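Engineer: Fold the following.
(chains A and B)
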Amino acid sequence: MSVPAHAGGASRVGAPPVVEARGVSKSFAGVRVLDSVDLDVLPGEIHGLLGENGSGKSTFIKVLAGFHEPDPGSGLRINGEDVPLPLAPGAFRDYGMSFVHQDLGLITSLSVLENLRLGTFSRARDWAIGWRRQRADARTLFEEFSVDLDPTARVADLDGTQRALLAIVRAVHEMRTLRGGARTGPGMLILDEPTVFLPETGRRQLFSLMREIAGGGSAVLFVSHDLDEVREITDRATIFRDGRLRATVQTSSVTDTELVELIIGRELPEHGGEREDVAPTAADATVVVDDLSDERVESVSFALGDGEVLGMTGLLGSGFERIPYLLFGAFPAATGTLRTGDGTLSLPAMDPVKAIAHRMALIPADRQSNGSVGSISVRDNAMLQVIDRYTTWRGLSRPQLARDCQETLDRFDVRPPIPGIAYQSLSGGNQQKVLLAKWLAADPRVLLLHEPTQGVDIGARAQIYEVVHDAARSGCAVLCASSDYEQLAAICDRVLIFDRGRVARELRGADITKDRIAHECYTLADRAVPAGPVGPTEGEGDG
Amino acid sequence: MTRTKNSEPVTDVDVASGRSGGGTVARSLAQRFSIVIALVVVVAVFGSLRPDTFLTTSTLQGILGSQAVLVVLTCALLIPLTAGDYDLSVAGVLMTSQMLVGVLNAQHGMNIWLVIVLCLLAGVVIGLLNGGFVLLFGVDPFIVTLGTGTILSGAVLWLGDSTTISGISTGLTDWVIVNRFLGVPLAFWYGLLITAGLWYFLEYTAAGRRLLFVGRGRAVSRLSGLRVTRIRWAALVASATLASLAGILYAGTTGAADPVSGEAFLLPTFAAAFLGSTAILPGKFNSWGSFIAVYFLVAGTTGLTMLGAQSYVSDLFYGGALVVAVCASRYSRRKEVRESGSL
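Structural biologist: Below is the predicted model of the structure:
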């Protein structure tokens, strides 16, 4: 039970836990997504929270934030004092809790000082703001935490690390100033994956700030996907899986393998089917991507063959999810070339029009805002890419269009198969089938998928796998960027695993199982050799 | 790509919207033709109250002919609205083209057909400028066209020396308002033709579909390989060109060019466009809906005036119609979303 290097440590004897959750449950429409969670977070402790997407950890945090109402029977004590549940939204401030979410919640067009005071303005009694004093206060605050920030700078001019530091200092400041007067005792800072997009040096600064805060007696709850980070910074860690708390462990006394097993659970390795080991060489591949970079991806090269389904995955922030968009020209790339059968294209000069001319198709993860237009009919959405084929001298041949659309809906088993209804009235799975139908109608040679079964029910999921397999069998090269390991195991011939913007591993053939992919994602050994700062961080949170 | 074996029946789809039960069908039919019904009601009410003045052939012919300008101007506006952009300069363009007819034809005696060509060219140029400001500088078209529209109305006062210019070639007035087909001035038939043409464009051409996609989902359109900038630009050019045509018709209808009255077209144009989008194809800007909306609005104001209402009643009526129409279309779209169970 060796406690890591920081001063406070989890060893304050006698003090009650900052937060004690007792039997906290939450159900949605009768489905338990959080099942009797008992969790203690101690003063002065940095406590990690681990689990896959859908494991219940974000639901738990949302209960603390008062966003979700927990089921009856749930109990919560803060600093030894019973707290009535549910918490009202925003009431967490009264109890000395403060949240920093991944998007940081900063207004970039305002100054550091204005952002720092955003939360307090709404509560200030006096109507005039003494800016000079406020600036002095802010400088004192930054000095206290050894953070080098200029209160008058515009947030837009800060880099990612500085923004994250500002958001955290603000959270600590609000934790102190906004809590209800009568309540005392240490507070708790909840950090929801604040490090995902930061370079190595930024992480260091963030960690030392977290240690300062814990050293002052507050508790820090640190949500992360990254085992290395959790091992480095936390005293204890709690692992969620399938809505249950699986274990709370002393971080220093568990191995990576044990952690991964707790996160993904033990499962029988599924049989991968007959997979041919079809890794194409650069010579015979349909698509060769060379030296692709942007702000989060660094010099990625790979080849993709006819009829191959190539998976790409990694942890959040590893950059894999940007590859389909970069190849399609949806985001601008900084460097890179794409070689296809008919020539070499420069990726920084790529745009969707060119990509389509080279028979590429992109199925984006966000169907509703990037894939299809919800308020327009299924027919018009499904036929958009091929609508020119229906133009005759009298204009669009609408009967022909309707017949072909009906035939397509039947073939893809879209339900209900009614071409005239609005796209948004379909369920997620059926929307996805229409989106696939739309792009496959244009007979693509390269199919780029991003999270193709997100929000799709199980029945439709199998059908979508089938569609992807059929496309590959007919000679299409398929690239699938996904964080669903089960899906990757089901459809991919090869899987590339990304870490910090680079391809770190390649899995083939029998190695492609859900467990193996998860294991590789969480335990990339290359971490020990940090490759220097990874990319600039000036960009906004999302592309 | 055959159906997979394990495809369970997918039941989580709401088919209800507009498809189950006679009630919904009747309701959706009633919505589609609501504006036609409203037009009939207005005509019937005023017809019974003032049978001797309202329901006469000359009133009817007057309304049909004189409102063709508004019909064409509304068609102009529908194009950028479908592409998701406001064009507040349509009335300014109308005034410019009307004043060009006055100055070039009446004052300088230029051949009327040449003048018409020049007016249409002026429309193209204004549209190109609007599009340039919006798309090259990435400014909100609402603001840009508010500015250019105001510049144009100032320019018109300047150009026309703030006076009304009469004496426009009878060649134009003959072909607009004097000559008749089936007893109705030709202007009405021009409006009808342009309405039908726009309907055909929006409903029966690939370009019309693309325009709608650009208006409803910019990101989707871009990722589907549509040239979004080019399409929006073209929509603004088409709008300004059609608005110029409306200005020529206006000059032909009044036989003169006056530097202020054209301004009054802006609000009725928006009212007709939005009111029209609640009917025929509810939820979608469409030319037949707007065509009927124009005549519904003018029947209402004419009737009220005949009952002795003051001239301000038309402002109340058009303004009220715009607000009601916008609220109604928002409401019906929200309802559609709610019933379809997504989002």
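Engineer: Strands along the stretch 151-300 of chain B, start to end?
Structural biologist: Here the stretch 151-300 of chain B has its strands, by DSSP state E, counting those that start in this stretch, at B:165-166, B:180-181, B:184-185, B:256-257.
Engineer: now these as CSV including mean neighbour count and mean pLDDT?
Structural biologist: Just so you know, the C-beta spots here come from the backbone N, C-alpha and C atoms, and that holds for glycine as well. Below are these laid out as CSV (neighbours: other C-beta atoms under 10 Å in any protein chain shown; pLDDT from 0 to 100):
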stretch, mean neighbour count, mean pLDDT
strand B:165-166, 16, 87
strand B:180-181, 12, 87
strand B:184-185, 20, 89
strand B:256-257, 24, 89
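Engineer: Adding distance to chain A, write these out as a markdown table.
Structural biologist: As requested, the strands of the stretch 151-300 of chain B are exported to a markdown table (distance: least, C-beta to the nearest C-beta, whole Å):
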| stretch | distance to chain A |
| --- | --- |
| strand B:165-166 | 41 |
| strand B:180-181 | 25 |
| strand B:184-185 | 28 |
| strand B:256-257 | 37 |
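Engineer: Now render those as JSON lines, adding distance to residue A:46.
Structural biologist: Formatted as JSON lines, the strands of the stretch 151-300 of chain B follow (distance: least, C-beta to C-beta, whole Å):
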{"stretch": "strand B:165-166", "distance to residue A:46": "82"}
{"stretch": "strand B:180-181", "distance to residue A:46": "85"}
{"stretch": "strand B:184-185", "distance to residue A:46": "83"}
{"stretch": "strand B:256-257", "distance to residue A:46": "78"}
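Engineer: Quickly check: stretch A:320-334 near chain B or not.
Structural biologist: Yes: with C-beta under 8 Å from any C-beta of the partner chain as the criterion, chain B is reached by stretch A:320-334 at A:328, A:330.
Engineer: which residues sit against that stretch?
Structural biologist: A:289, A:292-297, A:300, A:312-314, A:336, A:338, A:347-348, A:350-352, A:354-355, A:360, A:362, A:364-365, A:446, A:448-451, A:479, A:481, A:483, A:496-498, A:543, B:222-223 (C-beta atoms under 8 Å, 6 or more residues apart in numbering or on different chains).
Engineer: 7 Å instead?
Structural biologist: A:289, A:292-294, A:296-297, A:300, A:312-314, A:338, A:347-348, A:350-352, A:354-355, A:360, A:362, A:448-450, A:479, A:481, A:498, A:543, B:223 (C-beta atoms under 7 Å, 6 or more residues apart in numbering or on different chains).
Engineer: filter the residues you listed to the buried ones?
Structural biologist: Buried subset of the contacts of stretch A:320-334 (neighbour count, 16 or more other C-beta atoms under 10 Å in any protein chain shown): A:289, A:292-294, A:296-297, A:300, A:312-314, A:338, A:347-348, A:350, A:352, A:354-355, A:360, A:362, A:448-450, A:479, A:481, A:498, B:223.
Engineer: Residue B:286: neighbour count?
Structural biologist: 22 (other C-beta atoms under 10 Å in any protein chain shown).
Engineer: Now the most centrally placed residue in chain B: phi and psi?
Structural biologist: The residue lying closest to the centre of chain B (C-alpha atoms, centre = their mean) is residue B:74, at 1.4 Å. In terms of degrees, to the nearest 10, the main-chain angles of residue B:74 are phi -70, psi -40.
Engineer: For residue A:456, see how far away the residue lying closest to residue B:247 once chain neighbours are set aside is.
Structural biologist: Spatially, and ignoring its direct neighbours in sequence, residue B:247 is nearest to residue B:97 (3.0 Å; C-beta to C-beta, 6 or more residues apart in numbering or on different chains). In this view, residue B:97 and residue A:456 are 54 Å apart by C-beta to C-beta, to the nearest Å.
Engineer: before we move on, what about residue A:504?
Structural biologist: 28 Å.
Engineer: more crowded one of the two?
Structural biologist: residue A:456 (23 against 18).
Engineer: I'd say that one and residue A:430 touch.
Structural biologist: No: Residue A:456 is beyond contact range of residue A:430, at 9.0 Å (criterion: C-beta atoms under 7 Å).
Engineer: Give me the below-cutoff pLDDT ranges for the stretch 101-250 of chain A.
Structural biologist: A:119-129, A:178-183, A:196-197 (pLDDT under 70).
Engineer: Kindly report the residues of it close to chain B.
Structural biologist: Residues of the stretch 101-250 of chain A found near chain B (C-beta under 7 Å from any C-beta of the partner chain): none.
Engineer: Count the neighbours of the closest residue to chain B within the stretch 201-350 of chain A for me.
Structural biologist: Closest approach between the stretch 201-350 of chain A and chain B, counting by C-beta to the nearest C-beta: residue A:330, at 5.9 Å. Neighbourhood size, residue A:330 [other C-beta under 10 Å]: 22.
Engineer: Then residue A:433?
Structural biologist: 26.
Engineer: same question, residue A:400
Structural biologist: Count around residue A:400 with other C-beta under 10 Å applied: 12.
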